[in-house]
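Visitor: Just need the structure, nothing else, for what follows:
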Amino acid sequence: MRLSETAIIESDAPGDFARLMRSDTAPLSSLCVEQCAKPSRLKLDEAKNGLGQLVLTLVKLLHELLERQAIRRIESGSLSEAEVERMGLTMMRQAEEIDRLRVQFGLKEEDLNLDLGPLGKLL
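Guide: Purely as a prediction, here's the structure:
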């Protein structure tokens, strides 16, 4: 029986596994030859940027949906001039904030447009 570098026990004898699992035998750590495989670490910067990209893509998608709904409401004439003005300012501020966060995460505009394969681009 031998321990490989990836911490996998290899043996031709099926009884070796049972012997390792019994409580009266030495623990697995004592079988390690000088170096057992060290656990790999998650690169948080990459995960943070990936998560930021996903969240910003969803926020941008919601923003565009809200913008289209606002345009429909404006064209239908169901809003007063003050409501139209307020909605326009809100949409502009929202777009500026999305852009500010995109720059803060170091993303380009096209990074927020995910490719959905046969469905095409998201935005």
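
Visitor: so where do the helices sit in the chain?
Guide: Along the chain, the segments classed as helices by DSSP state H run 15-21, 44-76, 81-104.

Visitor: Go through those and name the closest to Asn113.
Guide: Closest approach to Asn113 among the helices of the chain is made by helix 44-76 (7.7 Å; CB to CB). (Glycine included, C-beta is placed from N, CA and C.)

Visitor: Next, the angle helix 81-104 makes with the closest one.
Guide: Helix 44-76 and helix 81-104 meet at an angle of 160 degrees, taking axes from the mean of the first three to the mean of the last three CA atoms, to 10 degrees as the criterion.

Visitor: same for helix 44-76, what does it pack against?
Guide: Counting contacts by 3 or more CB pairs under 8 Å, 6 or more residues apart in numbering; DSSP states H and E, helix 44-76 is packed against helix 81-104.

Visitor: Now do the buried residues in the helix it packs on.
Guide: Of the residues in helix 81-104, those buried by neighbour count under the rule 16 or more other CB atoms under 10 Å are Met87, Met91, Gln94, Ile98, Arg102.

Visitor: Any chance of TSV for the residues you listed, columns distance to Ser80 and pLDDT?
Guide: Supplementary listing: the buried residues of helix 81-104 in TSV, determined by distance: CB to CB, whole Å; pLDDT from 0 to 100:
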residue	distance to Ser80	pLDDT
Met87	10	93
Met91	17	95
Gln94	21	95
Ile98	27	94
Arg102	33	91
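
Visitor: Just the closest of these to Lys60, please.
Guide: Among the buried residues of helix 81-104, and counting by CB to CB, the member closest to Lys60 is Ile98, at 5.6 Å.

Visitor: May I have stretch 54-62 exported as CSV, CA atoms only?
Guide: Output in CSV follows, covering the C-alpha atoms of stretch 54-62 (Å, rounded to 0.1, in the frame of the first residue of the first chain):
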residue,chain,number,x,y,z
LEU,A,54,-22.7,38.7,-12.2
VAL,A,55,-24.5,41.1,-9.8
LEU,A,56,-23.8,44.1,-12.0
THR,A,57,-25.0,42.2,-15.0
LEU,A,58,-28.3,41.4,-13.2
VAL,A,59,-28.7,45.0,-12.0
LYS,A,60,-28.1,46.3,-15.5
LEU,A,61,-30.6,43.9,-16.9
LEU,A,62,-33.2,45.1,-14.3
